[in-house]
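Enquirer: from the sequence below, what's the structure:
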Amino acid sequence: MDSGDASRYSAGVEDYYESLLSTTDAELLKRAWRNEKAAPEILQYETALVQLAREQIQLMIENYAFHIQKNADLWNCISKQEEKFAERCIHDMEQHLDQSILSKLPHGFKSHLKQSSLSLADDMGKLADLKQSSLSLADDMELKEFLESQINSYALIRSILK
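Expert: Residues are numbered from 1 along each chain as shown. Here you go, the predicted model:
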């Protein structure tokens, strides 16, 4: 291979990686799906891509588990496996809140769904329009910012509990 071929090859590799980095996760999943449908043979399993999508979905379920469980339309949108995951998240969060915080509060403030016993509606937790934007896969920059915010909030909670 002469130097011209090598420089064209390295430029091609750089272009490929730049296009890959600028592509959203949803586009990568669509591309993998189209390639699989069009291929005459079984293609290599996209482990990293599928795992990333799965982790993003699990993170959304973790963050909005109480809201998803209360909303019948959203609950019907998730799979049986996701329902089990959401139920485990809810159970674990309830147990954690009871053991770490709620057991130490006065009687009227021991709910994980309401700020006080006087609240008429469930006013604790995150609410989101999960049918719209939240269930779409985030691109890498959005995901990075989101994960950093989650890490920061968990660090704050850990420092308070210590």
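
Enquirer: tell me the SS of residue 88?
Expert: Secondary structure, DSSP: H, G, I helix; E, B strand; the rest coil: residue 88 is helix.

Enquirer: who touches it in this structure?
Expert: Counting by CB atoms under 8 Å, 6 or more residues apart in numbering, residue 88 touches no other residue. For the C-beta atoms, the positions are set from N, CA and C on the backbone; glycine is no exception.

Enquirer: please tell me how far it sits from residue 27.
Expert: According to CB to CB, to the nearest Å, residue 88 and residue 27 sit 31 Å apart.

Enquirer: cool, residue 106 as well?
Expert: Distance from residue 106 to residue 27, by CB to CB: 51 Å.

Enquirer: please apply the same query to residue 96.
Expert: For residue 96, the distance to residue 27 equals 37 Å [CB to CB].

Enquirer: picking that back up, more neighbours: which of residue 106 and residue 27?
Expert: Set residue 106 next to residue 27 and count neighbours by other CB atoms under 10 Å: residue 27 wins out with 12 against 8.

Enquirer: check which helices and strands the helix or strand containing the more buried one is in contact with.
Expert: Using DSSP states H and E, residue 27 falls within helix 25-38. When contacts are defined as 3 or more CB pairs under 8 Å, 6 or more residues apart in numbering; DSSP states H and E, helix 25-38 packs onto helix 47-70.

Enquirer: and the helices in the chain?
Expert: Ranges of helices within the chain are 3-21, 25-38, 47-70, 72-77, 80-100, 140-161, based on DSSP state H.

Enquirer: who are the packing partners of the shortest one?
Expert: For helix 72-77, the contact count by 3+ CB pairs under 8 Å, 6+ apart identifies helix 47-70 as packing neighbours.

Enquirer: how does it look with 10 Å?
Expert: helix 47-70, helix 80-100 (3 or more CB pairs under 10 Å, 6 or more residues apart in numbering; DSSP states H and E).

Enquirer: how near is residue 67 to residue 94?
Expert: Residue 67 sits 14 Å away from residue 94, going by CB to CB.

Enquirer: whoops, I mixed them up, residue 49
Expert: Taking CB to CB as the measure, residue 49 falls 33 Å from residue 94.

Enquirer: what does residue 79 give?
Expert: To residue 94, residue 79 is 22 Å away according to CB to CB.

Enquirer: which one of those two is surrounded by more residues?
Expert: Neighbours per residue, other CB under 10 Å: of residue 79 and residue 94, the larger number sits with residue 94, 14 against 9.
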